[in-house]
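Enquirer: give the three-dimensional model of this entry:
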Amino acid sequence: MPSRNDRAASLRALADQRLLILDGAWGSMMQQIELVEADFRAPGTEEGRNYSGNFDLLALSRPDVVADVHRAYFAAGADISSTNTFSSTSIAQADYGTGH
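Expert: Residues are numbered from 1 along each chain as shown. Here you go, the predicted model:
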């Protein structure tokens, strides 16, 4: 795998040639995937608490799902894929008891 500096240089060179396409709405993509509550259970999550819909936890509990969304955006023509961290703040995660 090329180094971070090499990847950044490649993106800069490409951006000099044309507009770059960024991925789209992660939440919409995640909501289309048929997941069950157990898919959201990352190490350290509490029994008896419901984590359904906490898509940020999928990076820990189901990284394969996150990777599949990245692949889907690249297959659709994206040059850059961002991260699945829309609600990865202590305030947003407090709803799930994962603000720590």
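
Enquirer: separation between the residue of the chain most remote from its centre and Ile80?
Expert: Largest separation from the mean C-alpha position in the chain: Gln17, at 27.7 Å (Cα atoms, centre = their mean). Using Cβ to Cβ, to the nearest Å, Gln17 is found at 15 Å from Ile80. (C-beta placed from N, C-alpha, C; glycine too.)

Enquirer: ok, back up a step: what's the pLDDT at the residue farthest from the centre of the chain?
Expert: pLDDT for Gln17: 97.

Enquirer: kindly report the same for Gly97.
Expert: For Gly97, the predicted pLDDT is 88.

Enquirer: give me the residue at the spatial middle of this protein.
Expert: Nearest to the geometric centre of the chain sits Asn84, at 2.3 Å (Cα atoms, centre = their mean).

Enquirer: which residues touch it?
Expert: By Cβ atoms under 8 Å, 6 or more residues apart in numbering, the residues touching Asn84 are 26, 30, 55-56, 58-59, 66, 69.
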